[in-house]
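A.B. asks: show me how the following folds:
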Amino acid sequence: MQSPRLVATDVDGTLLGDGPDPSPRTRAVVRRMVEAGVPLVLATGRPPRWVPRVCEALGVHALTVAANGAVLYDAATDRVLAADTLDVDALAEVVAGLRDAVPGCGLAVERVGAGAFDRRDEQFVSEPEYVHAWPVADHRRVAPGDLLGEPVIKVLARHPGRTSADMAQAARRAVGHLVDVTYSASGGLLECAVRGVTKAHGLERAAAHHGVAPSDVVAFGDMPNDLAMLRWAGHGVAVANAHPDVLHVADEVSASNLDDGVASVLERWF
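C.D. replies: Sure thing, here's the model as predicted:
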């Protein structure tokens, strides 16, 4: 592929190694790329409030496809530019379907504000039975019925005793007509967004914002929530540590996230 006009990358397991910050090598090539006029788009399952920390570490306040494509977030201005939300009627049906499909799971929802920190205490709420997949300090536990009070960008289901792949099969049968079901971690965690909303959907918005065609986009990823994005981009790259399904669809496999897989590809051009 010739030099891209836009680069999109997943964050956890792809851009980042085993720590919270990108490596010096990755920061350096991203800086050269942006100085050359090629924008970076972060495409992540993270909500907007978990994006500014990454941008600060990179030194680039990137346009971000957040919440697996449900939110387009401008980190430079701390503005949510677009959001796809599940309305309360559909939300109630999805929650009931997940409880039936994955007995014993705990549920949580992500909401969105005008910016990353708007209504921060109200953005992520979980029922008492929800077991977090990683330490989280910015959540609030509520009664199960209180999950359903307003539209959401994402429904999360957690069952530590099952695999995410197993849960996804059951959930798609039950609620796949209402939501897109995916996962970015293997330890029994599902992420459900409005039907048709994927990272590809969000990246299409971001590319249009920058005036770039899909054929001029290079995208990097590692997990099933990256599949649609890698198929959509002109050149899809999986890091070596990627899920087998991602390795199968990628146009190229680079080094692992621990060995600067994103940087090793970008250094061809920048």
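A.B. asks: which residues in the protein form strands?
C.D. replies: For the chain, the strands identified by DSSP state E occupy 6-9, 40-43, 63-66, 71-74, 79-83, 106-110, 124-126, 140-141, 154-158, 179-182, 189-194, 217-221, 235-238, 252-253, in order along the chain.
A.B. asks: just the CA atoms of the first one, as CSV, please.
C.D. replies: Output in CSV follows, covering the C-alpha atoms of strand 6-9 (Å, rounded to 0.1, in the frame of the first residue of the first chain):
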residue,chain,number,x,y,z
LEU,A,6,-5.4,8.3,7.6
VAL,A,7,-4.3,5.8,10.2
ALA,A,8,-6.8,4.3,12.7
THR,A,9,-5.8,2.0,15.6
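A.B. asks: pairing partners for that strand, with directions?
C.D. replies: strand 40-43 (parallel), strand 217-221 (parallel) (DSSP bridges).
A.B. asks: which residues are contacting it?
C.D. replies: Strand 6-9 has contacts (CB atoms under 8 Å, 6 or more residues apart in numbering) with 15, 33, 38-43, 65, 203, 206-207, 210, 212, 216-221, 229, 233, 262, 266. All C-beta atoms are positioned from the backbone trio N, CA, C, and that covers glycine.
A.B. asks: tell me where the model's unsure across the protein.
C.D. replies: Within the chain, the set of residues satisfying pLDDT under 70 comprises 136-137.
A.B. asks: and the biggest helix by length in it, how far out from the chain middle?
C.D. replies: In the chain, with assignment by DSSP state H, the single longest helix is helix 88-101. A distance of 22 Å separates the centroid of the chain from that of helix 88-101, by CA atoms, centre = their mean, to the nearest Å.
A.B. asks: which strands and helices lie in contact with that helix?
C.D. replies: Packing contacts for helix 88-101, counted by 3 or more CB pairs under 8 Å, 6 or more residues apart in numbering; DSSP states H and E, involve strand 106-110, strand 154-158, helix 164-175, strand 189-194.
A.B. asks: pop the domain breakdown of this structure in here.
C.D. replies: Here the domain parsing of the chain from automatic domain parsing is 6-83+198-266, 88-194.
A.B. asks: can you lay out the ones you listed as TSV showing mean neighbour count?
C.D. replies: Converted to TSV, those look like this (neighbours: other CB atoms under 10 Å):
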stretch	mean neighbour count
domain 6-83+198-266	21
domain 88-194	18
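A.B. asks: about what we covered before: dump the strands of the chain to TSV, plus distance to His132.
C.D. replies: Conversion of the strands of the chain to TSV gives the following (distance: least, CB to CB, whole Å):
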stretch	distance to His132
strand 6-9	25
strand 40-43	22
strand 63-66	19
strand 71-74	21
strand 79-83	23
strand 106-110	8
strand 124-126	8
strand 140-141	11
strand 154-158	7
strand 179-182	18
strand 189-194	9
strand 217-221	23
strand 235-238	27
strand 252-253	31
